[in-house]
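Participant: Predicted model, plus sequence, below.
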Amino acid sequence: MTETPLPIVLVVAVALIDVDGRVLIAKRPEGKKLAGLWEFPGGKVEPGERPEAALIRELREELGIEVSESCLAPFVFASHAYDSFHLLMPLYLCRRWDGVVTAREHAGLAWVRPEKLSDYPMPPADEPLVAWLRDLL
Ligand code: 523
């Protein structure tokens, strides 16, 4: 019997990098899937939405900052099969934004040196991105 493939969910995420080269990670709140794990902030791309527009919207909603599309630099893709869907998640890099980064929806925020990111428990989709960021930064 052929297995039904899992639906693909497209999520966009960002590594915000401050002037000291630290990376922002955000703690998923209670009541959400993967609560308590530290993620690269982002969220689902809505039907018909461009990925970059989705990321700009998510950063406004979740962190209260404004990012311009021209500041979103190249990305790598993360991919992970969760129980009921297959997550496909490009990670953007962003070094410039307007406003103060604020936890509007997360349980906490941390600015972390790339070599320390592996000290924080992350969703399985995010984990492989840590080594990539360590090599890049
Ligand atoms: N991830 C993930 N890593 C990561 C993000 C931003 C999201 O693994 N950096 C996963 C967690 C969820 C799914 O992507 O399974 C959607 O995340 P989110 O936060 O946009 O949506 P939730 O948790 O509110 O999910 P729904 O309740 O399904 O809307």
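Facilitator: Nice, thanks for sending it over.

Participant: what's the helix or strand for the nearest residue to Val12 once chain neighbours are set aside?
Facilitator: Spatial nearest neighbour of Val12, excluding adjacent residues (Cβ to Cβ, 6 or more residues apart in numbering): Leu55 at 4.3 Å. C-betas here are computed from N, CA, C, even on glycine. Secondary structure from DSSP states H and E places Leu55 in helix 51-63.

Participant: how about that helix, does it reach the ligand?
Facilitator: No: judged by Cβ under 6 Å from any ligand atom, helix 51-63 makes no contact with the ligand; its nearest approach is 7.6 Å.

Participant: from memory the residue nearest to Val12 sits against Val14, does it?
Facilitator: Yes: counting by Cβ atoms under 8 Å, Leu55 does reach Val14; the two are 6.0 Å apart.

Participant: what lines up beside the helix or strand of the chain with the lowest mean pLDDT in the sheet?
Facilitator: Lowest by mean pLDDT, DSSP states H and E among the helices and strands of the chain is strand 72-81, with a mean of 92. Partners of strand 72-81 in the sheet, by DSSP bridges, are strand 86-94 (antiparallel).

Participant: Using PDB, write out the CA atom coordinates for the helix or strand that the strand it pairs with is followed by.
Facilitator: Toward the C-terminal end, the helix or strand that comes next after strand 86-94 (DSSP H and E) is strand 108-112. The C-alpha trace of strand 108-112 is given here as PDB (Å, rounded to 0.1, in the frame of the first residue of the first chain):
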ATOM      1  CA  GLY A 108      11.400  35.100  26.200                       C
ATOM      2  CA  LEU A 109      14.100  36.300  23.900                       C
ATOM      3  CA  ALA A 110      17.900  35.800  23.900                       C
ATOM      4  CA  TRP A 111      20.800  37.300  22.000                       C
ATOM      5  CA  VAL A 112      23.300  34.500  21.700                       C
END
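
Participant: So is strand 108-112 next to the ligand?
Facilitator: No: shown here: strand 108-112 not in contact with the ligand (Cβ under 6 Å from any ligand atom), separated by at least 13.4 Å.
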